[in-house]
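K.L.:
no sequence for this one, just the structure:
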């Protein structure tokens, strides 16, 4: 993935920043990420310590340099080890694809936390005094970076290692908490937290809540520090933060993709393509055995504000991040989804309306029942929709439980 040189890391990440960084009017202050705050005025937290870093390429500071570059080679502390999540440091490995066990970045050993090993082992932490976590999350329960954070926090505490989270925006926080709570029987790596699908919290806030509410069993009391952002508010869209959007995984290449992701990812568990292998993953949904016009006609029965859905055909192709897409090389008929008004958009209403639409057609099947249930966080949803349970009734129940979570979670807010 990465070569052993400062130059490679710098060029790789800086180019992404230059391409993606928004232009701001004079006098408008950008948000400072937790990493920015750490390297600007909080490096004393690392003084005299051996440091481990859980990260990927999204951990970029506002100067265009990766956090690794800011930490490596310092005399007052030592960056000893780097840990990487699903999709690897580069963020280009496909979902579920095995990531190389060990490599080096700037001469520093790298340990993958995906595949057979999902948390730092005792031997990985022998020469670590403090473990830093910094990567961009998308604010959705089944996105695995929060699980990696929780497991890393647990490993750090159990081995008497400090844990420090460099906080970053939850880009979907403006939507609040939405969706069903996780059924404890469906706890998995794509859902370790007892939270709704959209929890509305930053990773730093989730870490604080996990410790206080004892979501994890710790052999030793964790020593948790959250380096807070400056200038961020929950009402902000990601574009308003002034931070560069570095795709955190290969199938969330742009901010617009992230908006539809919590509404369409469930189709991973069906015989319907979720758009992997196209330029618009999660925004294109379809299959070769469907009629695009019929799908849209059926969808129009539902009232979904802030969204445009039109009939399309598309052809999934093998590419980086989608090595084995469904229906590779075949023409799929389905829909293209565009979020047109984020102030009116409800991803859970869109999710239920799309599922009710597609499950109306007998040719549409749940092919990975466990995975589908893990993503939703509750059982038998498809059966309820097929049997005619109203979208509004399911949504009302989800809204009640997510509202209760929102009220409880507010005590952990940092912003």
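P.N.:
Noted; the coordinates are in hand. Keep in mind it's a predicted model, so treat the numbers as computed, not measured. Numbering: from 1, shown residues only.
K.L.:
Which parts of the stretch 201-350 of the chain are helices?
P.N.:
Applying DSSP state H, counting those that start in this stretch to the stretch 201-350 of the chain gives helices spanning 203-212, 255-264, 292-299, 347-359.
K.L.:
May I see those helices organised as CSV, with mean neighbour count added?
P.N.:
C-betas here are computed from N, CA, C, even on glycine. As requested, the helices of the stretch 201-350 of the chain are arranged in CSV below (neighbours: other C-beta atoms under 10 Å):
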stretch, mean neighbour count
helix 203-212, 22
helix 255-264, 23
helix 292-299, 17
helix 347-359, 24
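K.L.:
residues of the lengthiest helix in the chain that come out buried?
P.N.:
Ranked by residue count, the top helix of the chain under DSSP state H comes out as helix 391-409. Buried residues in helix 391-409, counted by 16 or more other C-beta atoms under 10 Å: 391, 394, 395, 398, 399, 402, 405, 406, 409.
K.L.:
Pick out whichever of the residues you listed sits closest to residue 74.
P.N.:
residue 409 (35.9 Å; C-beta to C-beta).
K.L.:
which residues touch the closest one?
P.N.:
Counting by C-beta atoms under 8 Å, 6 or more residues apart in numbering, residue 409 makes contact with 177, 195, 199, 200, 201, 205, 209.
K.L.:
can you give me the strands in the stretch 201-350 of the chain?
P.N.:
224-227, 284-287, 307-314, 332-339 (DSSP state E, counting those that start in this stretch).
K.L.:
just checking, what packs against the first one?
P.N.:
Packed against strand 224-227 by the contact rule (3 or more C-beta pairs under 8 Å, 6 or more residues apart in numbering; DSSP states H and E) you find helix 34-41, strand 162-166, helix 203-212.
K.L.:
same check, this time on the third one
P.N.:
In terms of contacts (3+ C-beta pairs under 8 Å, 6+ apart), strand 307-314 is packed against strand 284-287, helix 292-299, strand 332-339.
K.L.:
Would you format these as CSV with mean pLDDT included?
P.N.:
Shown next, in CSV, are the helices and strands packed on strand 307-314 (pLDDT from 0 to 100):
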stretch, mean pLDDT
strand 284-287, 98
helix 292-299, 98
strand 332-339, 98
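K.L.:
Let's have those in CSV, adding distance to residue 376.
P.N.:
Below are those laid out as CSV (distance: least, C-beta to C-beta, whole Å):
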stretch, distance to residue 376
strand 284-287, 16
helix 292-299, 19
strand 332-339, 18
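K.L.:
Tell me which of these lies nearest to residue 184.
P.N.:
strand 284-287 (29.8 Å).
K.L.:
How far away from the center of its chain is the closest one?
P.N.:
22 Å (C-alpha atoms, centre = their mean, to the nearest Å).
K.L.:
For it, which outside residues touch it?
P.N.:
Under the contact criterion C-beta under 8 Å, 6+ apart, strand 284-287 has outside partners 264, 267, 271-275, 278, 292, 295, 312-314, 326-327, 332-337, 354, 358, 363-364.
K.L.:
Low-confidence regions, the stretch 51-200 of the chain specifically.
P.N.:
Under the criterion pLDDT under 70, the flagged ranges of the stretch 51-200 of the chain are 91-102.
K.L.:
80 instead, please
P.N.:
87-88, 90-103 (pLDDT under 80).
K.L.:
can you give me the helices in it?
P.N.:
So, for the stretch 51-200 of the chain - with DSSP H, counting those that start in this stretch - the helices run 67-71, 145-158.
K.L.:
Quote the end-to-end distance of stretch 321-328.
P.N.:
14 Å (C-alpha to C-alpha, to the nearest Å).
K.L.:
Now it: average pLDDT?
P.N.:
In this model, stretch 321-328 has an average pLDDT of 92.
K.L.:
what comes up buried for that stretch?
P.N.:
321, 322, 325, 326, 327, 328.
K.L.:
show me the contacts for the closest residue to residue 386 other than its chain neighbours.
P.N.:
Using C-beta to C-beta, 6 or more residues apart in numbering and skipping the chain neighbours, the partner closest in space to residue 386 is residue 359 (5.1 Å). If a contact means C-beta under 8 Å, 6+ apart, then residue 359 has 382, 385, 386 as its contacts.
K.L.:
Distance from the chain centre to the longest helix of the chain, please.
P.N.:
21 Å.
K.L.:
For residue 110, see how far away the residue lying farthest from the centre of the chain is.
P.N.:
The centre of the chain is farthest from one residue, residue 75, which by C-alpha atoms, centre = their mean lies 33.7 Å away. Using C-beta to C-beta, to the nearest Å, we find residue 75 at a distance of 23 Å from residue 110.
K.L.:
What of residue 211?
P.N.:
From residue 211 to residue 110 the distance is 27 Å (C-beta to C-beta).
K.L.:
gap between the closest residue to residue 223 other than its chain neighbours and residue 227?
P.N.:
In space, and not counting its chain neighbours, residue 223 is closest to residue 162: 4.7 Å by C-beta to C-beta, 6+ apart. Distance, residue 162 to residue 227, using C-beta to C-beta: 12 Å.
K.L.:
Equivalent analysis for residue 249, please.
P.N.:
For residue 249, the distance to residue 227 - C-beta to C-beta - is 23 Å.
K.L.:
Residue 45 too?
P.N.:
8 Å.
K.L.:
where do the contact lists of those two overlap?
P.N.:
Joint contacts of residue 45 and residue 227 (C-beta under 8 Å, 6+ apart) are 38, 164.
K.L.:
out of the two, which sits in the more crowded spot?
P.N.:
residue 227 (21 against 15; other C-beta atoms under 10 Å).
K.L.:
OK, contacts around that one?
P.N.:
Residue 227 neighbours (C-beta under 8 Å, 6+ apart): 34, 35, 37, 38, 42, 45, 164, 165, 166, 167, 204.
K.L.:
Thank you kindly, that will do.
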